[in-house]
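Undergrad: Kindly generate the corresponding structure for this input.
(6 chains)
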Protein chains: 6
Amino acid sequence: MPHKARRHDYKSHIIEEYYITEEPFYLSLKDEIQLFEAAYAERIPVLLKGPTGCGKTRFLEYMTYHMSKKLHHTTAQSESARSHDGIPLITIACHEDLTASDLVGKYLLEGDVTRWVDGPLTRAVKSGGICYLDEVVEARKDTIVLIHPLADHRRSLYIEKKGEMIEASDSFMLVISYNPGYQSILKNLKHSTRQRFIAIEFTHPPKNIESKIIEHEAGISHDVAEKLARLGEKIRNLKEQDLAEVISTRLLIYAARLIKEGISPRRACEVAAVWSITDDQEVQKSLKEVVTAIFE
Amino acid sequence: MPHKARRHDYKSHIIEEYYITEEPFYLSLKDEIQLFEAAYAERIPVLLKGPTGCGKTRFLEYMTYHMSKKLHHTTAQSESARSHDGIPLITIACHEDLTASDLVGKYLLEGDVTRWVDGPLTRAVKSGGICYLDEVVEARKDTIVLIHPLADHRRSLYIEKKGEMIEASDSFMLVISYNPGYQSILKNLKHSTRQRFIAIEFTHPPKNIESKIIEHEAGISHDVAEKLARLGEKIRNLKEQDLAEVISTRLLIYAARLIKEGISPRRACEVAAVWSITDDQEVQKSLKEVVTAIFE
Amino acid sequence: MPHKARRHDYKSHIIEEYYITEEPFYLSLKDEIQLFEAAYAERIPVLLKGPTGCGKTRFLEYMTYHMSKKLHHTTAQSESARSHDGIPLITIACHEDLTASDLVGKYLLEGDVTRWVDGPLTRAVKSGGICYLDEVVEARKDTIVLIHPLADHRRSLYIEKKGEMIEASDSFMLVISYNPGYQSILKNLKHSTRQRFIAIEFTHPPKNIESKIIEHEAGISHDVAEKLARLGEKIRNLKEQDLAEVISTRLLIYAARLIKEGISPRRACEVAAVWSITDDQEVQKSLKEVVTAIFE
Amino acid sequence: MPHKARRHDYKSHIIEEYYITEEPFYLSLKDEIQLFEAAYAERIPVLLKGPTGCGKTRFLEYMTYHMSKKLHHTTAQSESARSHDGIPLITIACHEDLTASDLVGKYLLEGDVTRWVDGPLTRAVKSGGICYLDEVVEARKDTIVLIHPLADHRRSLYIEKKGEMIEASDSFMLVISYNPGYQSILKNLKHSTRQRFIAIEFTHPPKNIESKIIEHEAGISHDVAEKLARLGEKIRNLKEQDLAEVISTRLLIYAARLIKEGISPRRACEVAAVWSITDDQEVQKSLKEVVTAIFE
Amino acid sequence: MPHKARRHDYKSHIIEEYYITEEPFYLSLKDEIQLFEAAYAERIPVLLKGPTGCGKTRFLEYMTYHMSKKLHHTTAQSESARSHDGIPLITIACHEDLTASDLVGKYLLEGDVTRWVDGPLTRAVKSGGICYLDEVVEARKDTIVLIHPLADHRRSLYIEKKGEMIEASDSFMLVISYNPGYQSILKNLKHSTRQRFIAIEFTHPPKNIESKIIEHEAGISHDVAEKLARLGEKIRNLKEQDLAEVISTRLLIYAARLIKEGISPRRACEVAAVWSITDDQEVQKSLKEVVTAIFE
Amino acid sequence: MPHKARRHDYKSHIIEEYYITEEPFYLSLKDEIQLFEAAYAERIPVLLKGPTGCGKTRFLEYMTYHMSKKLHHTTAQSESARSHDGIPLITIACHEDLTASDLVGKYLLEGDVTRWVDGPLTRAVKSGGICYLDEVVEARKDTIVLIHPLADHRRSLYIEKKGEMIEASDSFMLVISYNPGYQSILKNLKHSTRQRFIAIEFTHPPKNIESKIIEHEAGISHDVAEKLARLGEKIRNLKEQDLAEVISTRLLIYAARLIKEGISPRRACEVAAVWSITDDQEVQKSLKEVVTAIFE
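TA: Model (predicted):
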């Protein structure tokens, strides 16, 4: 998803068209690609565990792209999926106020006519998409209960407002994510939910891989990218607070892009990797020392 | 419900058609089948107690299938039930936000016309189905109060919005479930509810039965199935946290299916039976040792 | 209300027709019938106190049946009541989400036309019925305040949405119930409510009466009924937890009916009188010993 | 308000007609009548303080009746008040769910036409009635704030939904009540509210007056009435719990009426004055001893 | 605003007409008039601080009256303000349930037509009135945030429902009040709000001024007025509880008016200045002693 | 934005026209202008950190003005932005009751026709404006989650009610602010939000700059402005409570303007810089001493 591509006026498009048409940049860390492929072959729902910003979303975009291509060359594919360019990826950021009907659909009044509008989950179920419920622990109970019949042998969704039961299209898959660091007594996946998913664990990428990502995404020199990756690693090793989590690859890429625009490396790191992740002046001081040590 | 059967595009069907037309795979544990048959003969409401994933839903599908067949050969059956292939099973996953009208029905606006749509409970009451309220303690008070007249000698449902009282069709039966491990002061069945149900207790299946289930459901060799059943038993015996509950038969079947797709047994167990049930690294380590001991 | 009578398809009927046309089976315990008759003669509102399942609802059905018959032979009866077969009994199970308009009535949209639909309380007030608010402490404050003018010398109901005040028909009577065992600081009848009602206290029936009830309701032999009544008495004497309340006559009748269907007495008691009332394994063990001692 | 008068079918009447046409039975305790007359002459809002059931409502009905008669003979009366038989009394039982629009009015949809319906407070303001907010501390904040401009020199009500300000008709008066025994940190009159009202304090009537009230209201012999009044006094002197408050004159009248219907005095007191006011068996025992001592 | 003026039937008037046409009675305490005039000249928003009932509202009525007159003689006045008799005063009593749309306006359905109705704040902004948010800390967060753009250099109001931004008419001014005695952690003005207002502090008037106010408002003799003012001063000096705040000038005027109607001074003070401000019998006793000492 | 410009009647204008057409007065403190320009060039979302009233809003107005001018001279600008005079600035004050649809848009009923109205965020996304979410920590979770896809490589907004995904116009930029002094456990930016923004920290301006701002904004003499800036500095150095935050430049300008209207400097400071920032009499005393020391 190159930056340049965004340089046009805003464009509205309906969600069914959310297909990944270019290969996303993703560097594999372990056997996560094989595991996901096996789970998809068996249509076993998957839980992605890991800190924010460690690349779970990008991984899923990458998998969707490749599973789409594979599907294209298969005769067993479903009608709906074939008519487009593969499998759509539908991402839903969960939060406390997301209701069941936000996901499933509502009747909307248009002038005098009442029209049913499918929600993103229903669209995913019908079109055989990958439905990704990001940070699922944030969702309300009624949302989570809703996905239970989709996450066991029934693979079906109950649309209460219409009194209908929908069986998922064959290419449909359910993926959820959560951040174990955020778990608390109040916000926890219930057992009856957990035991419906296999789990793949993610961590931040190791320095050599993160360096390549920064270089690729920001279009910066190898040397600067390598130094920023080193900065990331150092900050994550500081046991102070929960910095480990906040200093995502994304922020390191931001620093790189500011440098590219002419901001001095030290100042860019201050803005993108110090001020952005903590308000504590003592911690800011320690972080600046790390920055100075790297970009002397 | 074989996996293959799902390999088609999504299919929407109204809930009255939710009949179990193929015999579900179920291995009897004790006399639960006789008890349920006696309760159904007397139309006594039944409470199924037991941990998540121990097979309560499957048991109910099995009973519904067989009671449907029996009914078919009986002259005393009701009109509505005879016109279909037996008794429908209507499952409602209870949660905090499930309102009384979600269960009973609502007026919906379609264009200019307001149409009444029966909720799943009303449909079950009218069509003489088995109504299964899963995890009933999660439901709100108004939902639970609603089923009281259905669960005593009145066998009737009050549809407040229409000012109507409906008597249940003869083949109607009310079944609820809950997990005693989740009981708390806040979420507890009220006495006035409990004393309307007889109770059948379930536990996880013993190793020899669980092994047969895994073998059948995943299409895996007897040997692997036996090892996975042993793994389940071992993990449930670990007194750590509440792992006993999380490692359901379903997750063991998931592991078996990943193995079938070519993932190594150890890795499959890690993904399906370790990462999926705990975030605690210490506990993960102990679990992996159990896995290694079995799949050396 | 014999069990056989229910063996037909579901039947919907509007609530005004809820007349008790057959004499309910009720065995008097003390002078509760005389007290209720005196209160009704003076139209003094009555509070029925007692544990769940001790027969309060049945008592009220019985009283309604007999007061209806009496009214039929009286010239002073009201028009509306005479046109039917007596006095309707309208039962409202109170809960936290029951709103004032659930009780009083609402405007409903039917196609283009808005129609006012009386709630059950308004219907009772107009038709001169017995209005029974079961477990009144569960109701919200606005519901309870609503009945105050019905429960003092005003005997009137304010329909806020229509700006109308309705005087109760002469045969109208207000009855509420609550279970003193559930009282708490949060859920308590306010003084301003309590002092509007006289109170009749109920307990579980003594063994000889309970035995007759079981025999009659389940159609079981005198011997088995007597043993089950003894079981009830024994369990209620166990001071463990609040078992006294849970083991209602209803559950003993359930056990009797399972025995009638061929389940062994011990197993029937286990299912209907042990598992159904407690999840605690220690308590279950003690209860089973009581069962064994009786059905040796 | 004799009991006999209620022996007819239900009658609906709009609230403006709530005039007190017969002199209510009220026995003066101190100078409360003079104080109220002076306050009314000056249109100073009044707060009635005292326990539930001590006669505040009856006092207000009595004052309304007499002020209506006075107004009838005065030339200075307002048009709207003169066209009826005096000053209407509009009672509003406050509770947590009473909204500002419940008091002020709403737009209601009738078929296709939207009609504004004045709430009881607006009707009182327009018709120059006595508006009585019973148990005002139970009301929500927005309700209480609403009456502030009615309770100071502005004597006006803001109807937000219509963007109108209404000046109260001259005969309008605002009266509120609350029970100091219920005061708590959460439910308390705010200073800005309290300082808008003068306060008249009430207690239960002394024995000789209460005896006359019982005699009059229940049509019972002087002797029984006197004994019941003595019972009331004794129970109120028991320092146990807050019995003092619960045993209202109303309950003593109930006991008298049960006696009139043939229930024995002891049993009538048990039902109307023991069970009705406490669930505590120890307290019930003490109370029964008091009953026995009086009705030996 | 003389009492006599209210002796007519109720009169409804739209809020734009809320102009102060007679000079309100106000006795200046310090330089508050000059400060307010300077703030108005600069259109700086003003916060009035002080206990309830100390005269903040009256002060604002007085200032509005005089600023209106001044404006009348100025050529620089706005069109809208000139067409009336000056500057309207729009008072909004804040409370927890006051929503942003209560202030700004709503779409209302009238028959088939939807009409926008400006809320009081929007009317003030358009007509160039003084908008007075009384007890602003009681308001919800969304209300307070709403006034921020009105209280800085933008002087504009965003009407979200219409997607419009309105610039305030030139004569518009924003005034808020709060009572420092009520401040708590939960109910506090946020810094971002406070720093938009200059603040004028008020206290209860000193005895000689309060005496003149009582004399004028109640039409009572100088001697009685002086004694009541002394009573006010004494009660405020009692350190008991927060009596200082409750005994407002208004209550002392009430006492004076009761005396004028023939109630004895001691009894009038009891009703208006003792019972009205406390329920504590000990405190009542001390207060009565103060009353007796003054009105011996 | 000179004060004089506001001296006309109210003017309503739709929000798209919110362009900064005159250069706002802003004195640069450090390299914040360069940092913001670099971030804008890369379309990296920016978080402005700093106390209330330190100039964050003014800075953003200044940047918007200059970026608009730059854009005007560039060929690469978007259509929608070119048709106006540059880039609109859309400010949204966040609060607890701001819903997702407040930001995104709603269907509104106008007579018989339902019309979709874009919310401010959608307008900003479409028109390529700077969208400024002020005090973002005050917003509800669903609001914050909503901006995630706008704040990463997707730069898109999901309009749930229409089932549409909108890609941001090229000139669109997301800016949020928060005040680190207010951070608490309950109100905190989630990690998943923070790591999407680089951060620029602001403090109150140093004395020499603040003095120039006061002089310019209030039109006061250099001498008075310098003294007021000294007052600000002194108060911020008092470690008492959180005065540092409350005494914003705005309040010092208010003091200056009161002085210009003829109020004595000491009194003006009391009203604008003492009473306005604290209710504590001890603190008020210390502050007055500081005032006296400067304006002796």
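Undergrad: can you give me the helices for chain A?
TA: Ranges of helices in chain A, per DSSP state H, are A:32-41, A:56-72, A:79-83, A:100-104, A:120-127, A:141-147, A:191-194, A:207-218, A:222-237, A:243-246, A:249-260, A:265-269, A:281-294.
Undergrad: now for the second one, which elements pack on it?
TA: Translated: helix A:56-72. helix A:32-41, strand A:46-49, helix A:79-83, strand A:89-93, strand A:130-134 (3 or more CB pairs under 8 Å, 6 or more residues apart in numbering or on different chains; DSSP states H and E). Yep, even glycine has a C-beta here, placed from its N, CA and C like the rest.
Undergrad: And it, how far out from the chain middle?
TA: 12 Å (CA atoms, centre = their mean, to the nearest Å).
Undergrad: If you count neighbours, what's buried in it?
TA: A:56-68, A:71 (16 or more other CB atoms under 10 Å in any protein chain shown).
Undergrad: And stretch A:268-280, by the same measure?
TA: The neighbour-count check on stretch A:268-280 (16+ other CB under 10 Å) flags A:268-279 as buried.
Undergrad: For chain B, state which of the residues you listed is nearest.
TA: Nearest to chain B, judged by CB to the nearest CB, of those is residue A:277 at 23.2 Å.
Undergrad: residue contacts, that closest one?
TA: A:235, A:243, A:246-247, A:251, A:287, F:194-195 (CB atoms under 8 Å, 6 or more residues apart in numbering or on different chains).
Undergrad: In terms of model confidence, name the weakest of those.
TA: Among these, residue A:243 carries the lowest pLDDT, at 67.
Undergrad: just to revisit the earlier point, going by mean pLDDT, which of the helices of chain A comes out lowest?
TA: helix A:79-83 (a mean of 48).
Undergrad: How about the contacts made by the one residue sitting closest to the centre of chain A?
TA: Nearest residue to the geometric centre of chain A (CA atoms, centre = their mean): residue A:57, 2.3 Å. Taking CB under 8 Å, 6+ apart as the criterion, residue A:57 is in contact with A:91, A:132, A:134.
Undergrad: residues contacting residue A:178?
TA: A:47, A:49, A:135-137, A:189.
Undergrad: Quickly list what it is bridged to.
TA: residue A:49 (DSSP bridges).
Undergrad: Residue A:281 - how many residues pack around it?
TA: Counted with other CB atoms under 10 Å in any protein chain shown, residues neighbouring residue A:281 total 8.
Undergrad: What distance do you get for it to chain C?
TA: 46 Å (CB to the nearest CB, to the nearest Å).
Undergrad: Likewise for residue A:120?
TA: Distance from residue A:120 to chain C, by CB to the nearest CB: 29 Å.
Undergrad: That residue and residue A:88 touch, don't they?
TA: No. Proximity of residue A:120 to residue A:88 does not meet the contact threshold set by CB atoms under 8 Å, at 10.0 Å.
Undergrad: Would you list the phi and psi of the residue nearest to residue A:250 when sequence neighbours are not counted?
TA: Distance criterion CB to CB, 6 or more residues apart in numbering or on different chains; nearest residue to residue A:250, sequence neighbours excluded, is residue A:53 at 5.3 Å. Backbone torsions of residue A:53, given as degrees, to the nearest 10, read phi 80, psi 10.
Undergrad: close enough to count as contact, residue A:53 and residue A:253?
TA: No. Using CB under 8 Å, residue A:53 makes no contact with residue A:253, being 10.3 Å away.
Undergrad: Let me see the contact set for residue A:160.
TA: Residue A:160 neighbours (CB under 8 Å, 6+ apart): A:100, A:104, B:102, B:119-120.
Undergrad: now do 6 Å
TA: residue B:102 (CB atoms under 6 Å, 6 or more residues apart in numbering or on different chains).
Undergrad: Need the pLDDT of it.
TA: Model confidence at residue A:160 (pLDDT) stands at 76.
Undergrad: how about the helices and strands packed on helix A:56-72 in CSV, adding mean neighbour count?
TA: Shown next, in CSV, are the helices and strands packed on helix A:56-72 (neighbours: other CB atoms under 10 Å in any protein chain shown):
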stretch, mean neighbour count
helix A:32-41, 20
strand A:46-49, 23
helix A:79-83, 15
strand A:89-93, 22
strand A:130-134, 25
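Undergrad: how close does residue A:289 sit to residue F:198?
TA: Distance, residue A:289 to residue F:198, by CB to CB, to the nearest Å: 20 Å.
Undergrad: Who has more neighbours out of these two?
TA: Neighbour count, other CB under 10 Å: between residue A:289 and residue F:198, residue F:198 has more, with 25 against 10.
Undergrad: Show the pLDDT at the closest residue to the more buried one other than its chain neighbours.
TA: Leaving aside its sequence neighbours, residue F:198 sits nearest to residue A:272 (CB to CB, 6+ apart; 4.4 Å). Residue A:272 carries a pLDDT score of 92 in this model.
Undergrad: mind listing what residue A:272 touches?
TA: A:251, A:254-255, F:198.
Undergrad: again, only using 10 Å
TA: By CB atoms under 10 Å, 6 or more residues apart in numbering or on different chains, the contact set of residue A:272 is A:228, A:247, A:250-259, A:263, F:35, F:39, F:44, F:195, F:197-199.
Undergrad: do residue A:176 as well
TA: By CB under 10 Å, 6+ apart, the neighbours of residue A:176 are A:45-49, A:92, A:94, A:131-137, A:139, A:144, A:147, A:151, A:189, A:193-194, A:196-197, A:199.
Undergrad: rerun at 8 Å
TA: Contacts of residue A:176 (CB under 8 Å, 6+ apart): A:45-48, A:132-134, A:136, A:147, A:197.
Undergrad: End to end on stretch A:194-208, go ahead and measure it.
TA: 33 Å (CA to CA, to the nearest Å).
Undergrad: Pull out the buried residues from that stretch.
TA: A:194-202, A:204-205, A:207.
Undergrad: What of stretch A:229-238?
TA: Within stretch A:229-238, judged by 16+ other CB under 10 Å, the buried ones are A:229-236.
Undergrad: Let me know the closest of those to residue D:220.
TA: residue A:236 (86.3 Å; CB to CB).
Undergrad: any idea how far chain F is from the closest one?
TA: Counting by CB to the nearest CB, the gap from residue A:236 to chain F is 13 Å.
Undergrad: wait, doesn't residue A:44 sit right on residue B:255?
TA: No. Assessed by CB under 8 Å, residue A:44 is found out of contact with residue B:255, at 9.7 Å.
Undergrad: ok, those two, which is more surrounded?
TA: residue B:255 (32 against 25).
Undergrad: which residue packs closest to that one, ignoring adjacent ones?
TA: residue B:272 (3.9 Å).
Undergrad: Now for residue A:44 and residue B:255: what residues contact both?
TA: Joint contacts of residue A:44 and residue B:255 (CB under 8 Å, 6+ apart) are A:198, B:272.
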